[in-house]
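> got a sequence here, can you build the structure:
(chains A and B)
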Amino acid sequence: MEPHKLKLAVVGHTNVGKTSLLRTLIHSTSFGTVSNRPATTRHAEAIPLDLGEGLSFELIDTPGFEDSSGLLDLILSLQHDAREPGAEILQRFLENPAADGEFAQEAKAIRQMLLCDLMLLVIDAREPVLGKYVDEFRLLGRLGKPCVVVLNFTAKASADTVRWRAAAQQAGLYNVTAFDTVVFDRHDEQCLWQQIELLLPSAAEHCQRLLALRARTLQTQRMVGGKLIAHMLLDCAALRGPTQHDLETRVREVEAALHTDLLRVYEFSEDDYAAREIALPGTLWSSNPFAPEVLEEFGLSLGFSAVKGAAVGATVDAFTAFHSLGIATLIGAGIGAGLDAATRLGKVLREHLGGVAYLQIELGVAVLLARRAVVLVRDLEHRGHAAVSAITARAALATPLINEATLTRLLEKCQRHPAWSRLAQLPTYDREASAKTLAALTQVVVAACAADS
Amino acid sequence: MTVLNQYLQAEVWRLVEETQGTPHRDLTIEMAARNAGNTFQERVHARAVRFLAINGGAVSLARVGARLRTAFSAVCVLIFVVGLSITRLFPGEDGAAVNLVAVLGALILPNMLSLLLWILASFVGGFSAIIKLAKLGTGMIPTDFREATSRLPVPKSGTNWGQASTSTKSRTATKYTIPIRWAPGWLGAQCAHALQHLPLRSAFAIPAEAQAWTEYLLRTASGRARLACLTHGLWLALLLGSLSGCWSWFAFKQVDFRWGSTVLAESTVEIVLTRLAEPIRLLGITVPSAEEVARSRFGQVSPMPASTRRQWGYFLLAALMLYALLPRALAAGFTWIRLRALEQHLALDETQPGYARLRSLLMAAPSAIVDPDTAPPALASHAPYRTSPAPPVAAAWLAVERESLPIIAPLEYLGVVTDRQTQGHILDIVRANHHWPALVAQVTLITTPDRGLERFLATLASVAQCPLFLQLVDAPEASDWSPKDRAQRIEDWTALAINAGLTPAFILPPA
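The predicted structure is shown next:
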């Protein structure tokens, strides 16, 4: 397929959220500068949105219009004939000295408007429908290029989308869509790309690919988030500390690292989250070799080890064409079971008889850590990349997660296996042994993260 | 550097960083990685290679690979020796008779059986019970082709999360599985797992290099194909050993060949031997005829002629090659070709936390300025005057863009300026009135200062016959603003008003 790049220019009045829209469309906080000041963006900046197989969008951020009425007056004065195409008049404006002087910022936007395939006109829906905005409608309407009017900040109570829709349609711009760049709504994003697809048939495949990509991205981010949370829970729940202070410090560090990771996964910066510390009480825990869960685990492990040994022995028997009469199988089973019993049960018994006790975080605290992390994932999924105020961590979370009983059971299991925690840095740290529990934890957490959406 | 080597290096470094919890930061390496390619995976590879080069990890990884190769070679030699010793099945005395049924059964049957189970397990992935039986019964590594195509870790990446390339798009769809996957070849998997516990364990934890190898072998289609290749290799070693043993035995010893079975009917054995001989005869090898087969049964008293003895010897060797060695070699060749193909598409699992942490470091959006700004900032901030007087009582008053309650008792309210018509109307009124003590333009803080408003204020100031005040007022919509944002907005309005020609002392910040 031939490479096919479509240019979308983001235009609008100053300080309406053009860079914000772009950030939220590319799902990244690293683009441009967002502030509450006018004329923050003073250059035209392009960023590609690669869709694979040669298809891409090029999104172009432009400086905002600052004097729309004055600009329209000038452009109208340059018009020779009422039927003259808008593009020719705008071209004439660009050749006018004012385009390098008073209207230099607007000229940058107009240059991109002439070059692009489609324009996204951003409107701050909290604003009243003023004359300067109507002049912008008229200006874009004259150009005769596909244009989607994007109403920003629609989640605010002061937003008046009805009046804005009416005003845009009155000016001949019928494709109006709501898209809040601070409070992200996936449905609104879909609507926006569908509007673009509707207006620009050549963008149909681009838009479909992009929407599919977004869906995949969400799934992947959720999966990665789930894995990160599961790792953190496993590390914290299995950790045994010598003192309460040591335990708290390590758990806080690992939770903070998780927050940083989650913010990175969702393409936010560390400034986007304001952590709040919670109490992390520890509890004394000692081995009980006769606890039903320990016995169940021991029985299963012993059985599996015996089968593993038997299978290895059976292979040896097979190589001798079974002339060994299954003796190797028997010996293998015996060795497997014996080794497992010696290593596993022996350790538990030694600890029990020696009265060894450990300090671990309470199970309820581990569950609370899980809730906090899941809530953060949900918050990040609904946060626009233009948001400037940080998410504040909630200290108390009363609502239980979906499958919390399973989660609790898994965390209990982790508590019985200190070697599963990376934080302990034990010589017995065994990644493979914890893999199944980690996978189960991941599944539970991913389901909990997805439960909200 | 091979694809596998790159993959393993990236995996080793991921495991190191995952154990430590955070990615290592080195701006030079990150820059080099960003320049190394367009895709995330290329950059991750480049980064890992550089870090491992510094930390000696590449050498360590090569050492683990060499150890694995040595271990495999040793096992191969051992199994070859086991194969050689197959001749223990033969009688030790010269002139004694070898039971053809027993020898054929021992040489060919286990191999055929395990090969059949492997094929079954590979192609009939749905019957998990059969697969488990195959895995348990043979101790070999079947490659489940259905799984290999449906559970490739993650689509080969583009610049975005989960962006599928052409080749992987159709099979990956939107399915992401947790990479704790069915490890085919249960015994082989256990052996591979055990490897990391034996000579490779260091003082702290399992070396990342061994872990990377294990995860590759157990959790990727390519790794499983490699294990399958190794299993076929072991079987080939056994069969080659057997073949060599037989050849040596027949070369240096004279043995008679007889057949007989306790439970199988004579006619059945005769038919089996005759049928097995037919393809061998087609290869141009002289094999015993049906009559000679019948005469070779145990209990026949006539001595075996030397020619028949030779024919049986060739028959056994050819049968071993045709019915055991050749199918196994074909299976090995097929798996090897498949391994090559899978290795070319060996992709990192980007959902692993270690890789997820790198995405923002390595895949920063490459934006480009297409129309730069060369002019100085249009609106330099200006701190508000601290000694601003109050506007005179009974001044004329107008609101800019938004309705707001006047903070003074106005002599006259001129209205709200919202568009060019209202601007023109108010300018006309101002031009016509000379008796006001002052004119106050009131603007709420949420109104963004722009050049259009500056132009209007400048015009207003020039036509007014009295002092023009700019009164800034708070708005309920700005109640959630930070003090910094609020102060910034006041400074911006102050600067705009000064640009418009207003006397700085007449710019009044909110109360």
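> wait, A:R42 sits on A:E106?
No - applying C-beta atoms under 8 Å, one finds A:R42 not in contact with A:E106, separated by 11.6 Å. The C-beta positions use only the backbone N, C-alpha and C, and glycine is treated the same way.
> check the secondary structure at B:P437 for me.
Classification of B:P437 by DSSP: H, G, I helix; E, B strand; the rest coil places it in coil.
> nearest spatial neighbour of it, skipping sequence neighbours?
Distances taken as C-beta to C-beta, 6 or more residues apart in numbering or on different chains place B:P392 nearest to B:P437, at 4.3 Å, with adjacent residues excluded.
> what pLDDT does residue 281 get?
Picked chain A for this. On pLDDT, A:P281 comes in at 70.
> I was after chain B.
pLDDT at B:R281 comes out at 88.
> packing partners for the strand or helix carrying it?
Using DSSP states H and E, B:R281 sits in helix B:266-282. Judged by 3 or more C-beta pairs under 8 Å, 6 or more residues apart in numbering or on different chains; DSSP states H and E, the packing partners of helix B:266-282 are helix B:100-123, helix B:290-295, helix B:306-320.
> mind checking which of those helices is nearest chain A?
Closest approach to chain A among the helices and strands packed on helix B:266-282 is made by helix B:100-123 (4.4 Å; C-beta to the nearest C-beta).
> more neighbours: A:R42 and A:E106, which one.
Counted by other C-beta atoms under 10 Å in any protein chain shown, A:R42 and A:E106 do not tie: A:E106 has more neighbours, with 27 against 20.
> quick revisit: now for the helices and strands packed on helix B:266-282, which one comes closest to B:D349?
Proximity to B:D349, assessed across these by C-beta to C-beta, is greatest for helix B:100-123 (23.2 Å).
> can you pull the buried residues of that closest one?
Residues of helix B:100-123 classed as buried: B:100-101, B:103-104, B:106-108, B:110-111, B:114-115, B:117-118, B:120-122 (neighbour count, 16 or more other C-beta atoms under 10 Å in any protein chain shown).
> contacts with chain A among those residues, please.
Filtering these for neighbours of chain A using C-beta under 8 Å from any C-beta of the partner chain leaves B:A106, B:P110, B:S114.
> any idea which helix or strand in the chain has the lowest mean pLDDT?
Picking chain A for this. Every helix and strand in chain A was compared by mean pLDDT, DSSP states H and E; the lowest is strand A:282-286, with a mean of 63.
> actually chain B
helix B:145-150 (a mean of 32).
> what about the helix or strand just after the least confident helix or strand of chain A, near chain B?
Next helix or strand after strand A:282-286 toward the C-terminus (DSSP H and E): helix A:292-319. Yes - using C-beta under 8 Å from any C-beta, helix A:292-319 reaches chain B at A:K308, A:A311, A:V312, A:A314, A:T315, A:A318, A:F319.
> now flag whichever of those is closest to chain B.
A:T315 (3.7 Å).
> separation between that closest one and B:I79?
11 Å (C-beta to C-beta, to the nearest Å).
> shouldn't A:I60 be within a helix?
No - counting by three-state DSSP, A:I60 falls outside a helix, being strand.
> anything in contact with each of A:R42 and A:E106?
Jointly contacting A:R42 and A:E106 under the rule C-beta atoms under 8 Å, 6 or more residues apart in numbering or on different chains are A:P63.
> may I see the residues of helix A:292-319 next to chain B organised as TSV, with distance to A:K5 added?
Formatted as TSV, those follow (distance: C-beta to C-beta, whole Å):
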residue	distance to A:K5
A:K308	57
A:A311	57
A:V312	59
A:A314	61
A:T315	58
A:A318	61
A:F319	62
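> dump those into JSON lines; add distance to B:Q211, pLDDT and neighbour count as well.
What follows is the residues of helix A:292-319 next to chain B, written out as JSON lines (distance: C-beta to C-beta, whole Å; pLDDT from 0 to 100; neighbours: other C-beta atoms under 10 Å in any protein chain shown):
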{"residue": "A:K308", "distance to B:Q211": "20", "pLDDT": "85", "neighbour count": "23"}
{"residue": "A:A311", "distance to B:Q211": "23", "pLDDT": "86", "neighbour count": "20"}
{"residue": "A:V312", "distance to B:Q211": "22", "pLDDT": "85", "neighbour count": "22"}
{"residue": "A:A314", "distance to B:Q211": "28", "pLDDT": "86", "neighbour count": "23"}
{"residue": "A:T315", "distance to B:Q211": "25", "pLDDT": "81", "neighbour count": "20"}
{"residue": "A:A318", "distance to B:Q211": "30", "pLDDT": "75", "neighbour count": "19"}
{"residue": "A:F319", "distance to B:Q211": "30", "pLDDT": "70", "neighbour count": "19"}
